[in-house]
Each structure stands twice: as structure tokens, then as C-alpha cells.
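**Q** Return atomic coordinates for the entry below.
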Amino acid sequence: LARIRATSDVIRSGRALIDLDPRKPFTNLSAEAHSLAIMTEFLIPLASGSAASETTLRISKKDVERLEKAKAIIEAEIANAFTIPELGRKVGLNRRKLTEGFRDVFGSTVHDYIIDQRMAAAERLMADGEAISEVAFKVGYSSHNSFSRAFKKYFGVPPGAYKATR
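**A** Numbering: from 1, shown residues only. Below you'll find the predicted structure:
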């Protein structure tokens, strides 16, 4: 059986599905929409046959360990703005092995994983009552505006509106 990896869209739909409030109107419809989005992401590659040849990159056990180290560095140093070559040097992988290997092993691009981690950290910090400007800095954004744009793109609402609903 072919391996299919969850994309960041699937992860977002899954989070939205989990966060649905059963007391709100149209929850069932929203749940169905998110479920269909998730299923579609998995079924399209199967139907097209592309899932069987997802990548031709061979990944050794040592490379998997290096990829896991890259993932741990991203998680531990979320405020750092790594470039792919910098991260690759830190773990001893070239650009191709890092980018394609990361996608194959973890089901996400390096960039999408960094964004996912930053937004999850931002969500936690805001829930703890941190000011949005402090959150922006702590999760690696150089300005409040760039953080706000990224946050709105990721969650669909600006951080102030999101914080007010929590």
C-alpha cells in the first residue's frame, strides 16, 4: 500500500474539526465539510496513482536521525529564522535531503512545519495572556505586522480577534 502523508491543510482541518463547538448552529455541517476536506486530500493521490511514487529519494536510518534532529531544532528554537542551508548545515544534510526527506518522513515541508510550530506556540502564549507584540517576537517574527499577517493567513482571523474569542 502506498504511503500518503498529512499536509498542513489536513492538519488545519483536523484541528478545526476537533475545536468545533457542538452547541453552535451548523456544527454538523462544519464537521462534514472538514471531514470531506481531509478525505479529499488523501483520496486524490490514490485516485491519480501518484501516491505510489511519492518520492525517489532514498533515506538512510542516519538521515532519518538527522531529520529528527532538524525537527527538534525547529521546535526548540522557534524564534530563530532558519534558512534551509543553515538548518542543513546544523544537522549535516544537503538541501535536497533536508527538504525532500523532511516532507517524506514528516509529511510536511520544512517551511510549513516551522509555520505550524510558530502558530501553535503563538496560540499557547496568547492563551496564557501574553501581549500580541511579545508573542510575535517570541515566535520569531521581527514585527507585529508580519506576525499579524501570518496569523490571519493561518487562522483566518487577526490575532486580536482570535485572542478575544478565547
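**Q** Could you give the separation of the longest helix seen in the chain from the chain centroid?
**A** Identified as the longest helix of the chain according to DSSP state H is helix 27-48. Between the centre of helix 27-48 and the centre of its chain there are 18 Å (CA atoms, centre = their mean, to the nearest Å).
**Q** Excluding chain neighbours, what is closest to residue 41?
**A** residue 10 (4.8 Å; CB to CB, 6 or more residues apart in numbering). In this view, the C-beta of every residue, glycine as well, is placed from N, C-alpha and C.
**Q** thought that neighbour was touching residue 40?
**A** No - using CB atoms under 8 Å, residue 10 makes no contact with residue 40, being 9.4 Å away.
**Q** Name the residue in these two with the higher neighbour count.
**A** More crowded of residue 10 and residue 40, by other CB atoms under 10 Å: residue 10, with 20 against 12.
**Q** Relative to residue 138, how far out is the more buried one?
**A** Shown here: residue 10 relative to residue 138, a distance of 27 Å by CB to CB, to the nearest Å.
**Q** now swap in residue 148 and tell me
**A** According to CB to CB, residue 148 and residue 138 sit 14 Å apart.
**Q** Then residue 153?
**A** 19 Å.
**Q** neighbour-wise, which of those two wins?
**A** residue 138 (16 against 10).
**Q** So the more buried one sits against residue 121, correct?
**A** Yes - taking CB under 8 Å as the definition, residue 138 is a contact partner of residue 121 at 7.3 Å.
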